[in-house]
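S.K.: Quick one, fold the following:
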Amino acid sequence: MTEHESEPEPAATFADLLLRQELLDALSGLGYEEPTPIQRAAIPPVLEGRDLVGQAATGTGKTAAFALPILQRITRHGQGVKPKALVLAPTRELAVQVSEAMHRYGHQLGTRVLPIYGGQPIGRQLKALERGVDVVIATPGRALDHISRGTLSLGELSMVVLDEADEMLDMGFAEDIEAIFQDIPEQRQTMLFSATMPPRISGMVQHYLTEPVRIELGRAASQKNEPSLVRQAAYVVPRGHKPAALGRMLDAESPTAAIVFCRTREEVDQLTETLNGRGYRAEPLHGGMNQQQRDRVVERLRSATADLVVATDVAARGLDIEQLTHVVNYNVPSAPEAYVHRIGRVGRAGREGTAITLAEPREHRMLKTIERVTGQQIPVRKLPTIADVRAQRLEQTRGALWESLQDSDGLDRFRAVVEPLAEEFDVVEVALAAVKLAHEAAGTVTDEEEIPEVTSWPPADARRGRKDGPGGRERKGRAVGRGMTRLFVGVGRTAGVRPQDLVGAIAGESRLRGRDIGAIDIADRFSLVDVPEGAADDVISALKGTTIKGRKTTIRRERFQSR
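M.R.: Next up is the predicted model:
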């Protein structure tokens, strides 16, 4: 694997990248003046026909980094019925965004771009495929559906992109991707783009790419010469006081629009109800909702008829909401990759944003792991008091009054209220009463009980270096240890699975003991468990037909393993 220049010259323009004039005209019309670092680094080798692995933070221009060279290269082949390029994306939302971007860039070239995904009438997709398309952007499940129907032929593909590859693996699409690649010609150009590069991605790279150029740009490099656009902070809160703490933060921050991330559907529904009871306009967003319901929620946030969306990771993937100013982690994410994707919802395309994490005292180690992996410090701040929030509200009222006085054109109609009162009361008293009414009308702090401050952070056991017991370790993004094999178990966090559930099932049905079991990674829809190489087949056989948390599940060797 070769290394590509990760800090290209900042003076580079799109014209310097030797793009076609039609693409340059489209970019100019869209107001793009110069390429981002990931575009400067990725476009030249892709135009040369090289395979490529690109890592850059969400929202830094990865789409154009592969879309522009694809549009330029496939134009040489002329138009036919079968597609020349395929982009696989983890979610419907991301597939639509990529499709819209490619259409904007390639409209002068006449490039035919088609998104195919679940939740859209398949008849429309069938007609478009029958007429002929040049680029297909698809979710893995719907792509497989069309392949099995014989309506999507991949035999003439020359370029393939795996977009947000880490999310596709986290969502359990490894088998779908493998099935799709069986129908793709071996002589092809393959690109893989991802915000993070856990070891499982290395297995995918080895499997599908040939001597790729590798580009690694962290957020600092991706936004070179720009200050960090995402203000990050954490607040330590006892578990029982987290709803009140969240309300306190929302009162203090006054976000234009915010997403609050929770771990489970049940937590989403419960927290949404709590927030609405506190007077917020909150909407739930999770995998238990159909696509029409989810689209309606997102549109409410975009149109400002909702202030907050309370969401799970799976439901919120691929969202790009321009009005979004805040992301709140109601719990510390269980993996650094999840944290990166969550805060990537804000700070996009030059927009500033805020990422807030509510951490319980026991979550100290996970917060430190996120800091180490991302290379960014997450300052731990003191939770605002009721007095702080009240002062903030008063300041907001003062600011609103100042703006109103600066633009006094519409004030005359209120003289009939103020002038009679000014004859009876001091004008300052009248103003104070008006401010009081305005302040109360805007809403007041609903929790009058102070939230206890956590005085021991990090916790005492963490400072002593306490380690988890055997078999109870949750470790994300780790390579498989020597002599170990990683197993895929088809149930995860949404089913309520905990490390002890997996350890209990394996130890109860096989000859392994808890101490023999290695690292355990729990995602939303599946889990990964490291077991001794020699016992892997026995464990798979022993667990066939058994249930975990009341559910029958698939268990097999993990497809992509890195050592």
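
S.K.: List the contacts of the helix or strand hosting residue 358.
M.R.: Following DSSP states H and E, one finds residue 358 within strand 353-359. If you take Cβ atoms under 8 Å, 6 or more residues apart in numbering as the criterion, strand 353-359 is touched by 229-237, 242, 245-246, 249, 253, 255, 324-332, 339, 342-343, 345-347, 367, 378, 380. In short, each C-beta sits where N, CA and C put it, glycine included.

S.K.: Look up how far residue 418 lies from the one residue sitting closest to the centre of the chain.
M.R.: The chain has residue 341 as the residue nearest its centroid, 3.3 Å off, counting by Cα atoms, centre = their mean. Here residue 341 is placed at a distance of 52 Å from residue 418 (Cβ to Cβ, to the nearest Å).

S.K.: coming back round to it: so the residue nearest to the centre of the chain is in contact with residue 194, correct?
M.R.: No. In this structure residue 341 lies outside contact range of residue 194 using Cβ atoms under 8 Å: 10.1 Å.

S.K.: joint contacts of those two?
M.R.: residue 167.

S.K.: lowest-confidence helix or strand of this structure?
M.R.: Of all helical and strand segments in the chain, the minimum by mean pLDDT, DSSP states H and E falls on helix 460-463, at a mean of 42.

S.K.: And for the next helix or strand after it, what's in contact with it?
M.R.: Downstream of helix 460-463, the next assigned helix or strand under DSSP H and E is strand 484-489. For strand 484-489, contacts defined as Cβ under 8 Å, 6+ apart pick out 174, 480, 502, 518, 526-533, 536, 539-540, 543, 548, 553-559, 561.

S.K.: Not counting its neighbours along the chain, what's nearest residue 307?
M.R.: Counting by Cβ to Cβ, 6 or more residues apart in numbering, residue 307 lies nearest to residue 281, which is 4.6 Å off, once chain neighbours are set aside.

S.K.: Quick check: the gap between that neighbour and residue 353.
M.R.: 20 Å.

S.K.: Over to residue 549?
M.R.: From residue 549 to residue 353 the distance is 36 Å (Cβ to Cβ).

S.K.: just residue 118 next, same as before
M.R.: Counting by Cβ to Cβ - residue 118 and residue 353 are separated by 30 Å.

S.K.: Tell me which of these two has more neighbours.
M.R.: Neighbour tally, residue 118 and residue 353, criterion other Cβ atoms under 10 Å: the higher count belongs to residue 353, 21 against 13.

S.K.: So which residues of the stretch 401-550 of the chain form helices?
M.R.: For the stretch 401-550 of the chain, the helices defined by DSSP state H, counting those that start in this stretch cover 415-424, 427-441, 460-463, 499-509, 536-543.

S.K.: could these be laid out in CSV, adding distance to residue 149?
M.R.: Shown next, in CSV, are those (distance: least, Cβ to Cβ, whole Å):
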stretch, distance to residue 149
helix 415-424, 69
helix 427-441, 58
helix 460-463, 54
helix 499-509, 37
helix 536-543, 32
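
S.K.: quick one, which of those helices is nearest to residue 167?
M.R.: In terms of Cβ to Cβ, the element of the helices of the stretch 401-550 of the chain nearest to residue 167 is helix 499-509, at 22.7 Å.

S.K.: in the closest one, what counts as buried?
M.R.: Within helix 499-509, the residues that count as buried by 16 or more other Cβ atoms under 10 Å are 499, 501, 502, 503, 505, 506, 507, 509.

S.K.: pretty sure the second one contacts residue 547?
M.R.: No. The criterion here is Cβ under 8 Å, and residue 501 misses it with residue 547 at 10.6 Å.

S.K.: Is there a neighbour count for residue 83? I'd like the number.
M.R.: Neighbour number of residue 83 under other Cβ under 10 Å is 26.

S.K.: Next one, pLDDT for it please.
M.R.: Note for residue 83: predicted pLDDT of 93.

S.K.: so the nearest residue to it once chain neighbours are set aside bridges to which residues?
M.R.: Closest residue to residue 83 apart from its sequence neighbours, by Cβ to Cβ, 6+ apart: residue 136 at 4.6 Å. Note on residue 136: beta-bridge partners by DSSP bridges are residue 86, residue 114.

S.K.: Might you report the residue contacts of residue 107?
M.R.: Counting by Cβ under 8 Å, 6+ apart, residue 107 makes contact with residue 26.

S.K.: One more pass at 10 Å, please.
M.R.: Going by Cβ atoms under 10 Å, 6 or more residues apart in numbering, residue 107 touches 22, 26, 29, 71, 113.

S.K.: go on, residue 31?
M.R.: With contact set as Cβ under 10 Å, 6+ apart, residue 31 has no partners.

S.K.: Quick one: classify it as helix, strand or coil.
M.R.: Of the three states, residue 31 takes coil under DSSP: H, G, I helix; E, B strand; the rest coil.

S.K.: Please report how far it lies from residue 104.
M.R.: Remark: distance between residue 31 and residue 104 (Cβ to Cβ) = 11 Å.

S.K.: which of the helices of the stretch 401-550 of the chain has the lowest average pLDDT?
M.R.: Of all those, helix 460-463 carries the lowest average pLDDT, namely a mean of 42.

S.K.: rewinding a little: need the residues touching each of residue 501 and residue 547.
M.R.: Joint contacts of residue 501 and residue 547 (Cβ under 10 Å, 6+ apart) are residue 491.
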